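> Got a predicted model here, sequence first, then my questions.
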Amino acid sequence: MNWNRWYSFRSYVRSSLWVVPFIALLLYVVAIRLVYIFEYWAPWMDVWPWGVAGTQRMLETIITMTLTFVVFTFGSLLVAIQVAGGQLTPRIIATTLLRDNAIRFTVGLFIFTLLFATGALSRLDATVPHGVSAIAGLLGFLSIAAFLYLIDYAARLLRPVSIIVSVGESGHAVIEDVYPEPVRSDYSHDAAAPFAGLPDKIVYHLTNPAVVVAVNMTALVALAERTDLIIELVPRVGDFVGTGEALFRLYGQNPPPEKRLRALVALGPERTLEQDLTFAFRIIADIGIKALSKAINDPTTAVLAIDQLQRLLCFVGGRHLLGDEIRGKSGKLRLIRRTPNWEDFVQLTFSEIRLYGAENFQIARRLRAMIEYSSQVLPDDRRPALLAELDILNRTLERIYVFPEDLRLARTPDSQGLGGSARETSQVTPD
């Protein structure tokens, strides 16, 4: 299986609710046979309190109960997911909710218990298998406990703060994976001119339009080393690629087969969090923007989104950001791919939320507090982009607030939005 197909298959399995219940079905086929085999070997004590009729009613109750759990769980969960997606952002459905293992394994337990009780009931005869009945009863008890836990868990999971924190955790993990090294104090930007030249060959995307969700960078560099090429990946991870658009530009006289190159790029219908560095910022910003819409008017949720944006921005600002060029072991340029720079992260964090929320005191004060905090904890070379955002915020507030008292209130940095600070002036001013 090619790398892109394996990656797409793995992503599909991780975001599908039916996979774990299907595995539970396969486990049942094996488990029910093993239990009946060991029933005659294991030294079960003759302590089962019910006869055939009582055991039959217990198994029927477990079947009815678990079937109800499954129907209720799937029905209510699908409705809840759609409501949460509509209130926050549809991007959370595939990236967060459908990947939650607690939900998937709980439904798997319901399916396994349902099948096990059905299998035990169908094999019930004049004698009661004590071990099988005890296991079925234990599974029924666990299903009740799991159902009660799932109700509480789902209620907590679907809160805005839980969704935002979950996306923030995923974004934090992606940043740490792509940018493993912290920023160095002696680091200076490479002032060398970017590579320029006419490609010897262009590889086009020939299938249906899709989004670039992941790229096997290591394999591309290794392939370029073996063929003595410079490979330029035209789209960035997260970009939409239409049919007939350029996917690679090759510089060299020994190009590999096009099929081999295409196999190192995974495509999908929408962006994912695995390698897309800015997608977590995008999701959280979307949640904040929707909360600031006139129809919802929920600035406190937007403040929760800004909290996570601050966390991600400070984390990525403290990492050593990679350039667009990757060199092989020989030191020669081998791969060119486009990655977001520091200004991209800053603009994605501030621009839209400032545009839609500056007229709200909570948002104006929270944005200023984020700029102030980030300027204090990040290296000096990160400050110019932050101070530029502070200058734009100041000019925006001057245009919005007519009364000087309101303007002074909006200019006060507050990590809680409103009510968490008594300071009247910011400690960070643009140069």
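Arrived safely.

> where do the helices sit along the stretch 101-250 of the chain?
101-122, 130-157, 160-178, 217-227 (DSSP state H, counting those that start in this stretch).

> Which helix or which strand is home to residue 384?
Assigned by DSSP states H and E, residue 384 falls within helix 383-400.

> Check which residues of that helix are buried.
Using 16 or more other Cβ atoms under 10 Å as the test for burial, helix 383-400 gives 383, 385-390, 392-394, 396-397. To be clear about C-beta, it is placed using only N, CA and C from the backbone, and glycine gets the same treatment.

> Over to stretch 334-351?
Here stretch 334-351 shows 334-337, 340, 342, 345-346, 348-350 as buried, counting by 16+ other Cβ under 10 Å.

> Kindly check the end-to-end length of it for me.
From its first residue to its last, stretch 334-351 covers 35 Å (Cα to Cα, to the nearest Å).

> Touching that stretch from outside, list them.
Outside stretch 334-351, the residues within contact range by Cβ atoms under 8 Å, 6 or more residues apart in numbering are 195, 215, 217, 220-221, 224-225, 229-233, 236, 277-278, 281-282, 285, 309, 312-313, 316-317, 321-328, 367, 370-371, 382, 385-386, 389, 393.

> Could you pull up the contacting residues of residue 255?
Taking Cβ under 8 Å, 6+ apart, we find residue 255 in contact with 200-201, 227, 229.

> Kindly recompute the last result at 10 Å.
Residues in contact with residue 255 (Cβ atoms under 10 Å, 6 or more residues apart in numbering) are 199-201, 203, 227, 229, 231, 248, 261.

> And the strands in the stretch 151-300 of the chain?
Ranges of strands in the stretch 151-300 of the chain, per DSSP state E, counting those that start in this stretch, are 201-204, 210-215, 230-233, 240-241, 246-251, 265-268.

> Out of those, which is closest to residue 355?
Checking those against residue 355 by Cβ to Cβ gives strand 240-241 as the closest, at 23.6 Å.

> by contact count, what packs against the closest one?
Secondary-structure packing of strand 240-241 (3 or more Cβ pairs under 10 Å, 6 or more residues apart in numbering; DSSP states H and E): strand 210-215, strand 265-268.

> Give me the sheet partners of it and which way each runs.
Neighbouring strands of strand 240-241 in its sheet, by DSSP bridges, are strand 210-215 (antiparallel).

> Show me the contact partners of the partner strand.
Contact with strand 210-215 is made by 3-4, 7-8, 11, 205, 233-243, 247, 264-276, 279, 335, 337, as judged by Cβ under 10 Å, 6+ apart.

> buried stuff in the lengthiest helix in the chain?
Ranked by number of residues, the top helix in the chain under DSSP state H is helix 52-87. Across helix 52-87, burial judged by 16+ other Cβ under 10 Å covers 55-56, 58-59, 62-63, 65-67, 69-70, 73, 77, 81, 84-85, 87.

> With stretch 226-235 instead?
227, 229-235.

> quick one: the helix or strand of the chain with the lowest mean pLDDT to chain centroid distance?
When each helix and strand of the chain is scored by mean pLDDT, DSSP states H and E, helix 91-92 comes last, with a mean of 75. Distance of helix 91-92 from its chain centroid, counting by Cα atoms, centre = their mean, to the nearest Å, is 8 Å.

> change the start of the numbering to 325 and stick with it
Yep, numbering from 325; the last one is helix 415-416 now.

> what's that helix packed up against?
Identification of packing neighbours for helix 415-416 by 3+ Cβ pairs under 10 Å, 6+ apart yields helix 376-411, helix 484-502, helix 603-615.

> circling back: to residue 475, which of the helices and strands packed on strand 564-565 lies closest?
Of all those, it is strand 589-592 that lies closest to residue 475, at 32.5 Å by Cβ to Cβ.

> which helices and strands does that closest one pack with?
Judged by 3+ Cβ pairs under 10 Å, 6+ apart, strand 589-592 is in contact with helix 327-338, strand 534-539, strand 564-565, strand 570-575.

> got the ones you listed as TSV, with mean pLDDT, distance to residue 347 and mean neighbour count columns?
Below are those laid out as TSV (pLDDT from 0 to 100; distance: least, Cβ to Cβ, whole Å; neighbours: other Cβ atoms under 10 Å):
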stretch	mean pLDDT	distance to residue 347	mean neighbour count
helix 327-338	87	10	15
strand 534-539	94	25	21
strand 564-565	95	34	16
strand 570-575	94	36	19
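
> quick one on the thing from earlier: mind checking the helices and strands packed on helix 415-416 for the one nearest to residue 744?
For those, the distance to residue 744 is smallest for helix 484-502, at 16.4 Å, taking Cβ to Cβ.

> which parts of that closest one are buried?
484, 487-492, 494-496, 498-499, 502.

> before we move on, what about stretch 629-649?
By 16+ other Cβ under 10 Å, the buried positions in stretch 629-649 come out as 629-641, 643, 645-646, 648-649.

> try stretch 733-749
Residues of stretch 733-749 classed as buried: 733-739, 741-742 (neighbour count, 16+ other Cβ under 10 Å).

> Can you list the neighbours in contact with it?
Under Cβ under 10 Å, 6+ apart, the answer for stretch 733-749 is 623-624, 626-628, 630-631, 634, 682-697, 717-718, 720-722, 724-725, 727, 732, 750-752.
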